[in-house]
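Asks: The following block contains a protein sequence and its predicted model.
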Amino acid sequence: MELKINQQTKKFNAESLSIQSLLDLEIPNKQNGIAVAVNNTVVPKLKWNEFLVQETDEILIISATQGG
């Protein structure tokens, strides 16, 4: 499966991936304070386990930052 994540194309050896599975592969230790959008639509964290991404999806992973 080939996905576009944060404007970068990446390949995965899977026929289907949930958002949670994708995050476990991409950022296993930094999953607090993030938001995920698929095709410009934010997916609520409660749906990450059941939401399956498709080969043509554009995924945006956003991390919250602190600062002043």
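Replies: Looks like it came in fine.

Asks: how about low-confidence regions in the chain?
Replies: The chain contains residues with pLDDT under 70 at 67-68.

Asks: all helices for it, in order.
Replies: For the chain, the helices defined by DSSP state H occupy 19-26.

Asks: Can you identify each of the strands in it by residue range?
Replies: For the chain, applying DSSP state E gives strands covering 2-5, 8-11, 17-18, 34-38, 41-43, 52-53, 58-63.

Asks: Tabulate those (JSON lines), appending mean neighbour count and distance to Asp24.
Replies: From N, CA and C alone the C-beta is placed, and that goes for glycine too. Listed next are these as JSON lines, based on neighbours: other Cβ atoms under 10 Å; distance: least, Cβ to Cβ, whole Å:
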{"stretch": "strand 2-5", "mean neighbour count": "15", "distance to Asp24": "14"}
{"stretch": "strand 8-11", "mean neighbour count": "9", "distance to Asp24": "14"}
{"stretch": "strand 17-18", "mean neighbour count": "18", "distance to Asp24": "9"}
{"stretch": "strand 34-38", "mean neighbour count": "16", "distance to Asp24": "12"}
{"stretch": "strand 41-43", "mean neighbour count": "12", "distance to Asp24": "15"}
{"stretch": "strand 52-53", "mean neighbour count": "18", "distance to Asp24": "13"}
{"stretch": "strand 58-63", "mean neighbour count": "15", "distance to Asp24": "12"}
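
Asks: For Leu25, find the nearest of the ones you listed.
Replies: With Cβ to Cβ as the criterion, Leu25 lies closest to strand 17-18 of the strands of the chain, at 7.9 Å.

Asks: Throw the strands of the chain into JSON lines and include distance to Glu26, thanks.
Replies: JSON lines is the format used below for the strands of the chain (distance: least, Cβ to Cβ, whole Å):
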{"stretch": "strand 2-5", "distance to Glu26": "7"}
{"stretch": "strand 8-11", "distance to Glu26": "8"}
{"stretch": "strand 17-18", "distance to Glu26": "10"}
{"stretch": "strand 34-38", "distance to Glu26": "10"}
{"stretch": "strand 41-43", "distance to Glu26": "15"}
{"stretch": "strand 52-53", "distance to Glu26": "12"}
{"stretch": "strand 58-63", "distance to Glu26": "7"}
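
Asks: All set, thanks.
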